[in-house]
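K.L.:
generate coordinates for the sequence data below:
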Amino acid sequence: MNLRRLLLAAAYVLAIGCLNGLSVPAVAAGNPVTAPRYDETLYPPWSHGANDPALHQGLQFTVPEVDSLADFHGDINDPRLVIYVGGNYFFAMAPLIKAFEAQHPGLRGRIFYVTIPPGLLLKAMARGDTFTSGNMTFTARPDVYAAGLKKVRAQIAAGKLLAPAVPYVTNDLTIMVPKGNPGHITGLRDLGRPGVRLVMPNPAFEGVARQIQASLRKAGGSALEHSVYETKVADGQTLLTHIHHRQTPLFLMQGLGVAGVTWKSEAIFQEQEGHPIGNVDIPAEYNTTAIYGAALVAGAPHPKAGKLWLRFLRSQVALRIFERYGFRALPSGTATR
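P.N.:
As a prediction, this is how the structure comes out:
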C-alpha cells in the first residue's frame, strides 16, 4: 500500500470512529491500520436487561445502537399495572418495582412501565396510548402518570388524571461533564463561553429545558440564556437532544460536547454505573428544584394497583431508594390537590 492510500485509509477509519463513538488507536507511519473498536457500553440500555421486570424474557435480542427499546420495560402481554413515568429517574424504577413487588407478590412479573419524557407520554395518551418504535407498534393503557407536580396538576385540571396529585421527592439541576472536566467548567456562566460545546435538552420536547433556562437567567441574565439556547444552537456549539436523560451522557461520552445541564440524579447514576461522567454543582441561588408527582389516570384499567403504587411512592422504602441517586424527601406541608 503506497503512502497516499495509507493516509486515506487512516483518515477514513478516524472519521468513522469519531462519528460512532469508537476507540481509534493511533496509526504509526508504515504500520497497518488497526480496525476501530466498537464500545457497546456507551449505548443504552445500560442495564443489560436487569431493569426488565418480566418473568420470562425469551430470546435476548438487544443490540445497542441497532435494536434497543431502552425506555419500555416488562411484559406487554396482559399487565396488571401500567405506569407512565417521566424518564428523569428511569434508573430508579427497577429497584422501586422490585421493592413494590416484594410487598405485593401478586403483581410480580405483571408490571409494565414506560420512561420517555412526560410531554411525549401525554402525546402517546392523546394517540390512544399507542407507541411505535422502529417497526414495532403496541398499545399499553396507563394506570398511573408520573411527572413534575405542576404538570400532573395541570392534567388533573384537564380531566386526564384523577385527584389527588401525589408528590413524593425533589431533585436539583447540575452540570454534567465528561470525567476529568476537559472543558474546565466551573459554573453556569462558563456555558456561554465561545468554543464550549454543549449538549442541552430541547425546549420543544423537554420540560426541564424551561427550568434550565430559568437557572441560566439567574446566573447570567437573558444574555446567557440567549447564548446557550440561541446563538450556540445556530452556530452548532449547542447540540439539542430529544430524550435528555439518555442522550446527554451518551453524547458527552462520544465527545460531542463538554457539558450539559441535567438533573443531579442522572449524573449520580452515570457515575455509579462507572461511566466516564462527572458533574459540577450549581449553587442554590442559581439552581431550580423540581417536585415529582403522580396521579391515577382517568379510566385506568387497574385502579386498585395504581393506588397501591401511588401509596408506595410516599413510603420510607421508596424514599431510601430515591436517596441512592440524590433525590430528597418532599418538604413537609406540600399540598396534594
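
K.L.:
for stretch 174-184, buried residues please.
P.N.:
If you call a residue buried by 16 or more other Cβ atoms under 10 Å, then stretch 174-184 has these buried ones: Thr174, Ile175, Met176, Val177, Pro178, Gly183. C-beta here means a position set from N, CA and C on the backbone, and glycine is covered the same way.

K.L.:
residues contacting it, please?
P.N.:
Residues outside stretch 174-184 that contact it (Cβ atoms under 8 Å, 6 or more residues apart in numbering) are 185, 187-188, 190-191, 196-197, 248-249, 252-253, 255, 258-264, 266-267, 270, 276-282.

K.L.:
do that again at 6 Å, thanks
P.N.:
185, 196, 248, 252, 258-262, 264, 267, 276, 278-280, 282 (Cβ atoms under 6 Å, 6 or more residues apart in numbering).

K.L.:
give me the below-cutoff pLDDT ranges for the protein.
P.N.:
Applying pLDDT under 70 to the chain flags residues 1-38, 332-337.

K.L.:
ok, the spatially most central residue of it to Glu206 distance?
P.N.:
Central residue of the chain (Cα atoms, centre = their mean): His245, 1.9 Å from the mean position. The gap separating His245 from Glu206 is 9 Å, by Cβ to Cβ, to the nearest Å.

K.L.:
show me which strand runs longest in this structure.
P.N.:
Longest strand in the chain by number of residues, with DSSP state E as the criterion: strand 161-178.

K.L.:
who does that strand pair up with?
P.N.:
strand 260-263 (antiparallel), strand 277-281 (antiparallel), strand 289-297 (antiparallel), strand 328-329 (antiparallel) (DSSP bridges).

K.L.:
got the domain ranges for this protein?
P.N.:
3-38, 46-170+291-329, 172-281 (automatic domain parsing).

K.L.:
start to end distance for the longest one?
P.N.:
I take that to be domain 46-170+291-329. 27 Å (Cα to Cα, to the nearest Å).

K.L.:
give the buried residues for stretch 153-167.
P.N.:
Within stretch 153-167, the residues scored as buried using 16+ other Cβ under 10 Å are Arg153, Gln155, Ile156, Lys160, Leu161, Leu162, Pro164, Ala165, Val166, Pro167.

K.L.:
give me the contacts around that stretch.
P.N.:
So stretch 153-167 is in contact with 145, 149, 152, 291, 293-298, 310, 330, 334, 336, going by Cβ under 6 Å, 6+ apart.

K.L.:
select only the buried ones of those in PyMOL?
P.N.:
Entered in PyMOL, the line below selects the buried ones among the contacts of stretch 153-167, by 16+ other Cβ under 10 Å:
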select buried, resi 145+149+152+291+293+294+295+296+297+310+330
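
K.L.:
I'd like the contacts of stretch 153-167 laid out as a markdown table, including distance to Ala94.
P.N.:
Output for the contacts of stretch 153-167, formatted as a markdown table (distance: Cβ to Cβ, whole Å):
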| residue | distance to Ala94 |
| --- | --- |
| Tyr145 | 19 |
| Leu149 | 23 |
| Val152 | 22 |
| Ile291 | 23 |
| Gly293 | 21 |
| Ala294 | 17 |
| Ala295 | 22 |
| Leu296 | 23 |
| Val297 | 22 |
| Ala298 | 28 |
| Leu310 | 19 |
| Leu330 | 22 |
| Thr334 | 26 |
| Thr336 | 26 |
